[in-house]
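Chemist: Task: produce atomic coordinates for the following.
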Amino acid sequence: MSNFRRRPSDKRTIGRKSAERIGMVGATGLIGRRVIEISSASEYTRIVGIARREIKLPEGARMEMFVAEPSKWGEVFEALKPRSFICALGTTWKKSGRDEEAFRAVDYDLIVETAEAAQAAGVLNMVLISAAGADPTSKNLYMKVKGETERAVSKIGFKRLDILRPGLLRGAREGDFRFAEKAAMTVAPLVEPLLPSKYEMYQSIDADLVAEAALGLAMRRAAGRFTHDNVAMKRAAREWRAKADATIVHEE
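Modeler: I've put the predicted structure just below:
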C-alpha cells in the first residue's frame, strides 16, 4: 500500500454499505467524468477511481480516488477488490501528437495492461468503452487500434466482458475545445435521419447514456462477452436509471 495513495475525501464519499463498488480508470475523459457525476447522484453504486496523477473531480463527487503509477495499478485493484471495473481510458490522434506509437501506448498498451492487472487481482467483470466501427482489420488507424484492443482484452479471461461501441459522443468535454467535433454534434441531429441504415452505428449518442449503460452493465452477473451498439446502450441505461432513481442522494 505504500506505493500509492488515497485522495483525501469527506465522509460523504463513502456512501451506503449496500452500494456496489465499481473500479474505474479514465476519470478525466468525457465518459469517465459523467460516470462519476451520475453515480454520485445516487447511493446505488460507488466509484473507486485509479489515476496516474491528481485530478480535479466534478463538483459534488462521491467517490474515492487512488493515485499511482500504472505499474502499481494491479496493487490498487488487489487492495480494493472491486467486483467489476469500467475502463474509459483513451486519447485522441491530436493529443498523441499525431504519433502512432504514442497513440497505441494509451489506446492499446495501457488498456490491455490495466485489464491484465485487474483480472490477475481477481476482478471478475470489465466494461470497456470502445468505439463504433472498431475493427482490427480496418485501414483507419483509430478503428484498427480500437479493434485490436477489443480482441486482446477478450482473451484475458474476465468472467464477463462488456464492450461499448458508441457513435459520436455528445457532451461537454472538460478543457478540450474540438471545433470539428462540436460542429459535427450540431449537425448530426439534422443529418442522421437521412443516412443509410448501414451507418446507423455511427450516429451520435449522449455521453450520459453511455455512462449510465456502463454503470448498469458493470453490475450484471451473467457470464460472457457482450458487444453493445447505441440501441443496446440506451436500453441498458434505462434499466440502470430505473434502479438508481430509488437511491437518489438528497443533500442535507
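
Chemist: contacts, neighbours, all on C-alpha from now
Modeler: OK.

Chemist: ok, then the element right after the strand or helix carrying residue 127?
Modeler: Per DSSP states H and E, residue 127 falls inside strand 125-129. Where DSSP H and E defines the elements, the next helix or strand beyond strand 125-129 is helix 141-154.

Chemist: For the residue most central in space within the chain, list the residues it contacts.
Modeler: Nearest to the geometric centre of the chain sits residue 88, at 2.9 Å (C-alpha atoms, centre = their mean). Shown in contact with residue 88 (C-alpha atoms under 8 Å, 6 or more residues apart in numbering): 24, 25, 26, 27, 29, 31, 32, 128, 129.

Chemist: quick one: the first one is in a helix?
Modeler: Translated: residue 24. No. According to DSSP: H, G, I helix; E, B strand; the rest coil, residue 24 belongs to no helix; its state is strand.

Chemist: just to revisit the earlier point, would you mind getting the angle between the strand holding residue 127 and helix 141-154?
Modeler: Here the directions of strand 125-129 and helix 141-154 differ by 180 degrees (axes from the mean of the first three to the mean of the last three C-alpha atoms, to 10 degrees).

Chemist: from the middle of its chain, how far away would strand 125-129 be?
Modeler: Taking C-alpha atoms, centre = their mean, to the nearest Å, the mean C-alpha location of strand 125-129 is offset from the chain mean by 7 Å.

Chemist: Run through who's touching that strand.
Modeler: So strand 125-129 is in contact with 83-89, 115, 158-166, 214, 217-218, going by C-alpha under 8 Å, 6+ apart.

Chemist: What does the nearest residue to residue 168 once chain neighbours are set aside show for phi and psi?
Modeler: Spatially, and ignoring its direct neighbours in sequence, residue 168 is nearest to residue 204 (4.2 Å; C-alpha to C-alpha, 6 or more residues apart in numbering). When read as degrees, to the nearest 10, the backbone of residue 204 gives phi -70, psi 150.

Chemist: ditto for residue 64
Modeler: phi -120, psi 140.

Chemist: can you count the residues close to it?
Modeler: Residues lying near residue 64 (other C-alpha atoms under 10 Å) number 18.

Chemist: which residue packs closest to it, ignoring adjacent ones?
Modeler: In this structure, residue 64 finds its nearest non-sequential neighbour in residue 48, 4.9 Å apart by C-alpha to C-alpha, 6+ apart.

Chemist: which other residues reach whatever helix or strand that neighbour lives in?
Modeler: Assigned by DSSP H and E, residue 48 falls within strand 45-51. Residues outside strand 45-51 that contact it (C-alpha under 8 Å, 6+ apart) are 14-15, 19-27, 36, 39-40, 62-70, 73, 76, 215.

Chemist: And for stretch 209-229?
Modeler: Here stretch 209-229 has contacts from 20, 22, 31-32, 34-35, 38-39, 45, 84-86, 125-127, 132, 154, 159-166, 201, 233-241, using C-alpha under 8 Å, 6+ apart.

Chemist: That stretch spans what distance, first to last residue?
Modeler: Taking C-alpha to C-alpha, to the nearest Å, stretch 209-229 runs 12 Å from one end to the other.

Chemist: how far does it sit from the chain's center?
Modeler: 11 Å.

Chemist: Quick check: buried residues in that stretch?
Modeler: Neighbour counts over stretch 209-229 (16 or more other C-alpha atoms under 10 Å) mark 209-219, 228-229 as buried.

Chemist: For that stretch, the averaged confidence score.
Modeler: What stretch 209-229 shows for mean pLDDT is 97.

Chemist: cool, stretch 153-169 as well?
Modeler: Rounded mean pLDDT across stretch 153-169 is 97.

Chemist: show me where the stretch 51-200 of the chain has helices.
Modeler: 73-80, 100-104, 111-120, 141-154, 179-191 (DSSP state H, counting those that start in this stretch).

Chemist: Kindly tell me how buried the closest residue to residue 55 other than its chain neighbours is, as a neighbour count.
Modeler: Nearest non-adjacent residue to residue 55, counting by C-alpha to C-alpha, 6+ apart: residue 28, 7.4 Å away. By the criterion of other C-alpha under 10 Å, residue 28 has 20 neighbours.
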